[in-house]
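Peer 1: curious how this folds, go ahead:
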Amino acid sequence: MEISTSPKLSKLLLLLERYKATRAETNQICNRLEIEDLCIQPCAEVSPPKWHLGHTTWFFEELILVPFLTGYERFGEQFSLIFNSYYKAAGLHWTQQNRGHLSRPTVAEIYQYREQTDQLIAKLLIDLDLLEHDLLNSDFSNNDLLNSDLLASQQSEVAKLIEIGIHHEQQHHELLYMDIKYILHCNPSTPPYIQQQLPASKEVKPSWQSFDSQLTEIGHQGDGYAFDNECPQHKSYLTGFSISETLVTNGEYLQFIEGKGYQQAKYWLSMGWDWVCENNLISPLYWRQVNGQWYEYTFHGLAPIDLNAPVVHVSYFEATAYAQWRQCRLPTEQEYEHFLFHRELAHKELSPTDLQANVFHPNKADAQTHQVWCWTQSHYSAYPGYKPFEGKLEEYNGKFMCNQFVLRGGCIATPSNHYRHTYRNFYQPHQQWMFSGIRLAKDLRN
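Peer 2: Predicted structure coming up:
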């Protein structure tokens, strides 16, 4: 059945268009790779790209096709075991660090899995749309695959789950970029992901913005999409602070390196200093010295450090050490959110991602969003009155609210239509492979 190209598409058919576009983008990200790249897992936290292709498909199968299609048979007997990430309520799952041990299912089988799932999701949404407008033909009641009574009574639930699934897959777009970059950089040949020269960054003058002590609203409010960990909106008191309008650059961070910042325990948290010493670290991830000169591996290949570009792939430990060295601190997530909303109101500014322009690396130190996820000093925990998603999705966020820190602001790989200022990203303090950077803050003196 063809979908009309009329601008008056129903909400369900518009949802289907978004679903198809999101799924196509996942395939496009992987199409730049060789098939060998899709199967590699160089470390425990990096998943093979083919696993992302399968897992995002399993998500729709498990939450929508299985409960809403009568008589539906899973695509593969072992697919649920292999592609379930961590949902205990959905059954057993393969351990993350062993995802790269499996040569089967093949990449071809996983693409078949995606294609079949996409066809069934499309049919489901089209039939739901027809139900909504009483346009189903008389043969529908005899269809032994679709349960019309169930579908008619739960259209909103299906739509809600597909909406969550779309945003879930967009999260995996970013995760794919993170994992692909790590996989490619492990090769001695440092192959580029894109055959295009990375444009140079412009020099920006550091500037700061100050905010007086005040009571403000934090968290998501309104009709737009948000994950459960962004809710509910609540009041938060901010003590007077200043926050940098510019991101910390490679040139600024290089001064920390050349000032022996990695060799002085006084700048580091205790666990961070242990981490530095145990791993003999002297720089951010993807930096390397060649004949005494610093280079950085990017999706555009190995290139000399761009001193004006935002520093990226730093851990929370590195971010706090740098802030200490600069006699500053990291912002709280409440300060960061307040800054972003104020900045957008004042300047009508929301920086889009540059991936559409084939710029696959942060290169705008004066941008407020979509360059690097910036570390905050806030532990990842529930907001007052937090309620997790229901059913199997109860495990989506809440179970990770331990030993992690919040990052804000989106990065170069965050889809523009997925981002919002209330978005709470979170990682463990030693992790570096995400597109993480630094924005400084400091207390206002009374």
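Peer 1: tell me who's in contact with residue 88.
Peer 2: residue 395 (Cβ atoms under 8 Å, 6 or more residues apart in numbering). Where C-beta positions appear, they are placed from N, C-alpha and C, glycine not excepted.
Peer 1: mind checking how far it is from residue 392?
Peer 2: 9 Å (Cβ to Cβ, to the nearest Å).
Peer 1: now do residue 94
Peer 2: Computed as Cβ to Cβ, the residue 94 to residue 392 distance reads 17 Å.
Peer 1: just for the stretch 1-150 of the chain, where's the confidence low?
Peer 2: Across the stretch 1-150 of the chain, residues meeting the criterion (pLDDT under 70) sit at 1-8, 132-150.
Peer 1: quick one, helices of it?
Peer 2: For the stretch 1-150 of the chain, the helices defined by DSSP state H, counting those that start in this stretch cover 11-31, 49-60, 66-68, 79-83, 107-132, 148-153.
Peer 1: now the stretch 251-400 of the chain
Peer 2: Secondary structure of the stretch 251-400 of the chain, counting by DSSP H, counting those that start in this stretch: helices at 270-279, 316-325, 333-347.
Peer 1: next, count neighbours for residue 178.
Peer 2: Residue 178 has 22 neighbours, counted by other Cβ atoms under 10 Å.
Peer 1: wait, doesn't it sit right on residue 432?
Peer 2: No - taking Cβ atoms under 8 Å as the definition, residue 178 is not a contact partner of residue 432, at 10.1 Å.
Peer 1: dump the helices of the stretch 251-400 of the chain into JSON lines; add mean neighbour count and mean pLDDT as well.
Peer 2: Formatted as JSON lines, those follow (neighbours: other Cβ atoms under 10 Å; pLDDT from 0 to 100):
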{"stretch": "helix 270-279", "mean neighbour count": "14", "mean pLDDT": "98"}
{"stretch": "helix 316-325", "mean neighbour count": "24", "mean pLDDT": "98"}
{"stretch": "helix 333-347", "mean neighbour count": "19", "mean pLDDT": "91"}
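Peer 1: so which of those helices is nearest residue 165?
Peer 2: Ranking those by proximity to residue 165 (Cβ to Cβ) places helix 333-347 first, at 26.0 Å.
Peer 1: related to what we said a few turns ago, mean neighbour count, the helices of the stretch 1-150 of the chain: which tops it?
Peer 2: Most buried of the helices of the stretch 1-150 of the chain, by mean neighbour count (mean count of other Cβ atoms under 10 Å): helix 49-60, with a mean of 25.
Peer 1: what angle separates that one from helix 11-31?
Peer 2: For helix 49-60 against helix 11-31, the angle by axes from the mean of the first three to the mean of the last three Cα atoms, to 10 degrees is 170 degrees.
Peer 1: what separates helix 49-60 from the chain centre, distance-wise?
Peer 2: Distance of helix 49-60 from the chain centroid (Cα atoms, centre = their mean, to the nearest Å) equals 15 Å.
Peer 1: ok, and what's touching that helix?
Peer 2: Residues contacting helix 49-60 (Cβ under 8 Å, 6+ apart): 23, 26-27, 29-30, 33, 37-39, 41, 47, 79-80, 82-85, 99, 105, 107, 110-111, 113-114, 117, 121, 162, 165, 168-169, 172, 175-176, 179-180, 183.
Peer 1: hey, where'd the strands end up in the stretch 101-250 of the chain?
Peer 2: Using DSSP state E, counting those that start in this stretch, the strands of the stretch 101-250 of the chain run over 208-211, 214-218, 234-238, 241-244.
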